[in-house]
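Asks: Coordinates only, no sequence provided:
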């Protein structure tokens, strides 16, 4: 399938990358109902690890079954499906080649002692990605944690291996840790910094959270105010984050967070679209709804990204 | 020996696995008096490491001898025998090919300082498993320990190697550590979470403990109550744990714990059976009884799993 | 292009090095408007990592784009451009062969908890440098930090690999850490010590900060006073640092620090030149100005190093 | 030399081992005046590392010379000589093939800070053992130390390598550390536990200390009392330890401890013999005596093990 | 050049070593004005790393230049020159083959936080030694430090590699750390222990400090007194240290410490000679004097070792 001009323009920004990696990015960008638009919706299902099975799947018990998510992502026409190793393996053969997958290679959990440094365990390898035919690895970093430097070194090494083997790298850049208060985790200056770090680490796709207009770091606050950086609206903040990732040269998607009303989800998507973001990575807001509701919502979101809603 | 339909259905769930791993699972499922039923009873003997020799074997001194356990497992018609390296090696040649073995590759002990992070030492390798002809490696994780992430990374690596070499992986998922009180270790929400983590880490066989109806994590408790998850009986809790491991796509066995009356052991087995679990892993309740008593009990348990008691 | 006598004299000091490394040093010394003079100006852009994107680039928003810095370095006729992996990759193909690049292989950030040992994460490898055609790796050490020994061991290993693969090594030697107060970080005795350590670690190019006449270590202070070492002027301090790096046998460049008035920048350069330093590594003072202003300043600096201003 | 029936019976217990390892065990069992009896006396000289040279050798200054110990072991007709790398190397050529040697591959020392976790440094490798023609590696573990798990992992790895290369493994299992008081280090329940752990880790020869009738672990004490395990005499305690190491399937030798009267040494040996132990590992009690006295004592000990005294 | 009988006798003690290592020892022993006598003087220049450049070289500024030390060692007719990697590389080509060099592969510095465990960074490798044609690696251990075990493991590994590649190993055994007070660092019992540890670790050449008659360890003090070990004179203490290193089977040189009057330096050398030591390793006392004074002093020292002064 010939890549559209929009996709070719995006790929041109990955000038340093081997063809194998570009092919994976192309595949994700050309798949599903948003295929060819340069926009993406990704289904991530790592909440079972992060929050446990009941909190994740009891609201929609079909979702206990790994096949459910493959089917949802395929039937809704999403661009990719991301999950930890066991989850992907459990459907890797049945759905082989039907949807690009992102192997989430590290994971945290809610059983860790509170006073432990914020960190994740590496639970899969690049070779696992190859074996199950995944298009990309997904890795979470926690800028702000005392484990931050170590996590950067881990993804540096995995990204190098992935790149050499023609696998793309998606970085979940989630500020968290001792040096940040709760407001800081979603402050716009921190979010933009998180995007920058992911880009500098060589992420091909950057996933960050939507942010607030709070400014957390005193030294940064001064500059935001003196330079008059617009952080007044969600769209403006998205734009600033996109700018902070090599001036838009990197694909950036935003996560939706915990389950909320559908209008709020749509508003988020419009802000992402208007700010120049590439799309949404939307987990609990899809799989914790019934399949019918999720299909409807995902369809609507795709309309928004196509500028039709 | 042709695999039964029940076994074939189970194996079909391991769709991402190489034939070598499936062959090992098939071998364990087709061995012994429960062979072909999809149910399993496994004899584990790692108490010598965990509690010391006298506490483990003095009640039935024949059990000091490694050969005793091989014979017990074979003569009782169990599916597999699990033990640390030295223990398996001491009978590996005499009993070669007569019973599938599971090499327990990490172990804790009762001499560790109390204030140390809950952890185990890796005491054997995948190549050791190959050398002594073991069907699987067995690895304990402690979700809830400050060493938890490290243990996940260890089994991730060993599981990858085992898989590539045609050896199956059994995970003992035992919540333990700083973030859990004693009730939490056997709480149903924690047990289900432990099952989920083992599945996500790629366990082929998951071993957890039977649980209580206590709900430990406040965030989880809310969901259990709002969604009305049935945790009122042991069978219901088994069912919830099985559901939490990919909706039944993974073999799950339950451990019996310390020695107790035989009726209690039988009740446990009926709950496991009725809840859809695959079987029991039963150590002290077999080898701390006399051989005759153990044979009788194991026979009765197999009757239960075959629905005859 | 035939190396000038000045450059050949410098290269002769690297007598233990393989031709591949000398070729890279020669390339950097022969590039740009200072090419052949033995003097160098390098553009470093790692502030996005160190301070975040807004603090680094908002004063001159074109600088959010990685291509901007390549162009600035090329058009201004600098000797080399240094940046982290993601930043260099984003223009590595477009500007391939047009300017020597230095891959900054470790980075710190402003989100790290304050009480953490001063350290950086390794974020790129020697093979990354080869892949993107970089002439050198750049590595920061923090003498004085409790992580200092570890950082020395890291660069020892990377330097060995780089040398074997024909890649030069630039060491940013920045005293920092528990044993130094703020004045100590720029004290002349510490700066000279930092230069000596970098040289002993095998740096081909040493980057240190300009220093003050403060003497920090009591044992050193005694010697400076008894031996009458001249540290009264910036030029004298530069001279002492150059002497401290194998009596001038190693290329030494000085960093400019935070943005300041252009006259101060010029004065620094004159002191470096008069003290026998090889040049400036000048980041914020160039890319935080408008392109026109930066071009003018860089031109003036090159005049100074050529002895014309 | 044809192995005696006694030796063949011992070797038959090592059923999982490659011929190379069995050959080394056979060689040690067939050497010296006890050759063929299934009993062993080993000369260990690691006190120079543990206690320093003067405390070890000043009482008999000839013992400063590494050749002294080789000669003593050969002339007395012992089964093997064990020492750290430097010590063995210093006579490895002169005495090549004249006595089986055990390369002690880890060592502690008396200069370590008191508050440091009880541990040893690995000071030699399996390849060193091959190079100098040693029959076995010797490794000390400290069950009860916070470094215990780490030490188990170290010997697990070295034992695996040694086994693959035809080198036997001797484990010194010495309970020590934060969780044990001084009485606990020699308590019979702890000693039996130490023997069990060494056996589970795959030791071919287990070295433990003689124990007292103290019971240290409350949970174990209950079992010893309820099951009526006989720990009243040294011979009974030896018997229990032998039982705890796979019911006698592993060679077990006992260390003599600090220098004491010869009658006490003989009494110990009789208890070891009567309890079914395989012999003594006797250092300070031999090399801190004059050569003549040591020869006499060792001769007497061998008479005891042969049942002649 | 045929080795003298004195040198052949020394080499015969290295019976376990490959010819490549013996050849390096022979080369060092046969070089310079003491060549063939079995005595050695080595020039070590690692003070730039340990104390910084000004404290090391300002008293004799020519010494800032790495070539100065090569020339001094060659012109004075010393046996070998020891320095860190950068220092040796800076003259490795010019002086190739003119003097045996010892690559100091680990280094400490005076900028480390005081409360940090006493340790050094590994700053060069065995392959670096091969590349620059060094005869030996030099490694410092700190018995008594909480990092001691780790340092022993490091040199164990490097020594093994060096030995296999025909490079000799020199160990600087310097007691230091939490368990030692200032007097303890130079106590005779500690010095002898340090010599013993270096020998056991496989050092080919042992470098220790001259000691005092203080006895630091209570357990050792008892033995020194009861056995009447003579520690009353420097020569007696040297003799005891030589005895403690395999009864004289290892080359032992003594360091001179900080700069002092020349008569004190000569007295030290006489004590070393009379006690049976092999020589001096003399840094600050040579390069902190003018070249003329240093040449005179070194000449006089060689006369002393030849028994002519």
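Replies: Okay, I see it. Quantities reported herein were computed from a predicted structural model and do not represent experimental measurements.

Asks: first vs last residue of stretch A:94-110, how far apart are they?
Replies: Distance between the two ends of stretch A:94-110: 31 Å, counting by CA to CA, to the nearest Å.

Asks: Stretch A:201-214 now?
Replies: 25 Å.

Asks: before we move on, what about stretch A:100-119?
Replies: First residue to last in stretch A:100-119 (CA to CA) measures 27 Å.

Asks: And that stretch, what's buried?
Replies: For stretch A:100-119, burial by neighbour count (16 or more other CB atoms under 10 Å in any protein chain shown) applies to A:100-112, A:116-119. (Glycine included, C-beta is placed from N, CA and C.)

Asks: Could you find the closest non-adjacent residue to residue A:157?
Replies: residue C:125 (8.0 Å; CB to CB, 6 or more residues apart in numbering or on different chains).

Asks: before we move on, what about residue A:200?
Replies: residue C:86 (4.1 Å).

Asks: Let's verify the one you found: helix, strand, or coil?
Replies: helix (DSSP: H, G, I helix; E, B strand; the rest coil).

Asks: ok, now which ones touch it?
Replies: By CB atoms under 8 Å, 6 or more residues apart in numbering or on different chains, the contact set of residue C:86 is A:199-203, A:246, C:66.

Asks: How much space separates the residue nearest to residue A:234 when sequence neighbours are not counted from chain B?
Replies: Nearest non-adjacent residue to residue A:234, counting by CB to CB, 6+ apart: residue A:271, 3.7 Å away. For residue A:271, the distance to chain B equals 28 Å [CB to the nearest CB, to the nearest Å].

Asks: pLDDT below threshold where in chain A?
Replies: A:257 (pLDDT under 70).

Asks: Which helix in it has the most residues?
Replies: helix A:148-164 (DSSP state H).

Asks: what angle do it and helix B:148-164 make?
Replies: 20 degrees (axes from the mean of the first three to the mean of the last three CA atoms, to 10 degrees).

Asks: Can you give me the buried ones in helix A:148-164?
Replies: Judged by neighbour count (16+ other CB under 10 Å), helix A:148-164 contains these buried residues: A:148-149, A:151-156, A:158-160, A:162-163.

Asks: Can you name the residues of the stretch 201-309 of chain A sitting close to chain D?
Replies: Within the stretch 201-309 of chain A, no position is near chain D by CB under 8 Å from any CB of the partner chain.

Asks: Could you confirm residue A:102 falls within a helix?
Replies: No - using three-state DSSP, the assignment for residue A:102 is strand, not a helix.

Asks: looking at it, it is touching residue A:84, isn't it?
Replies: No - taking contacts as CB atoms under 8 Å, residue A:102 lies outside contact range of residue A:84: 10.5 Å.

Asks: Can you get me a residue count around residue A:227?
Replies: 14 (other CB atoms under 10 Å in any protein chain shown).

Asks: Skip the chain neighbours and tell me the closest residue to it.
Replies: Leaving aside its chain neighbours, residue A:227 sits nearest to residue C:58 (4.2 Å; criterion: CB to CB, 6+ apart).

Asks: likewise residue A:142?
Replies: Spatial nearest neighbour of residue A:142, excluding adjacent residues (CB to CB, 6+ apart): residue A:176 at 4.4 Å.

Asks: mind checking how far that neighbour is from residue C:58?
Replies: 25 Å (CB to CB, to the nearest Å).

Asks: ok, residue A:295 to residue A:72 distance?
Replies: For residue A:295, the distance to residue A:72 - CB to CB - is 8 Å.

Asks: quick one, which of the two is more surrounded?
Replies: A direct count of neighbours by other CB under 10 Å for residue A:295 and residue A:72 places residue A:72 higher, at 22 against 16.

Asks: On the three-state scheme, that one is what?
Replies: Looking at residue A:72 with three-state DSSP, the answer is helix.

Asks: What helix or strand is the residue nearest the centre of chain A located in?
Replies: By CA atoms, centre = their mean, the mean C-alpha position of chain A lies nearest to residue A:207, the distance being 3.6 Å. For residue A:207, the enclosing helix or strand under DSSP states H and E is strand A:205-209.

Asks: From the contact counts, what lies against the next helix or strand after that strand?
Replies: Helices and strands here follow DSSP H and E; after strand A:205-209, the next one along the chain is helix A:218-227. Contact here means 3 or more CB pairs under 8 Å, 6 or more residues apart in numbering or on different chains; DSSP states H and E; on that basis helix A:218-227 packs against helix A:188-200, helix C:53-57.

Asks: to the chain's geometric centre, what's the distance from the last one?
Replies: Per CA atoms, centre = their mean, to the nearest Å, the displacement of helix C:53-57 from the mean C-alpha position of its chain is 20 Å.

Asks: roughly how far apart are residue A:167 and chain E?
Replies: Per CB to the nearest CB, residue A:167 is found 32 Å from chain E.

Asks: which SSE is the closest residue in space to that residue that isn't next to it in sequence in?
Replies: Spatial nearest neighbour of residue A:167, chain neighbours left out: residue A:129 (5.2 Å); criterion: CB to CB, 6+ apart. For residue A:129, the host element (DSSP H and E) is helix A:126-131.

Asks: List of residues touching that helix?
Replies: Around helix A:126-131, the neighbours that count as contacts under CB under 8 Å, 6+ apart are A:85, A:103, A:105, A:134, A:136-137, A:158, A:161-162, A:165, A:167, B:160.
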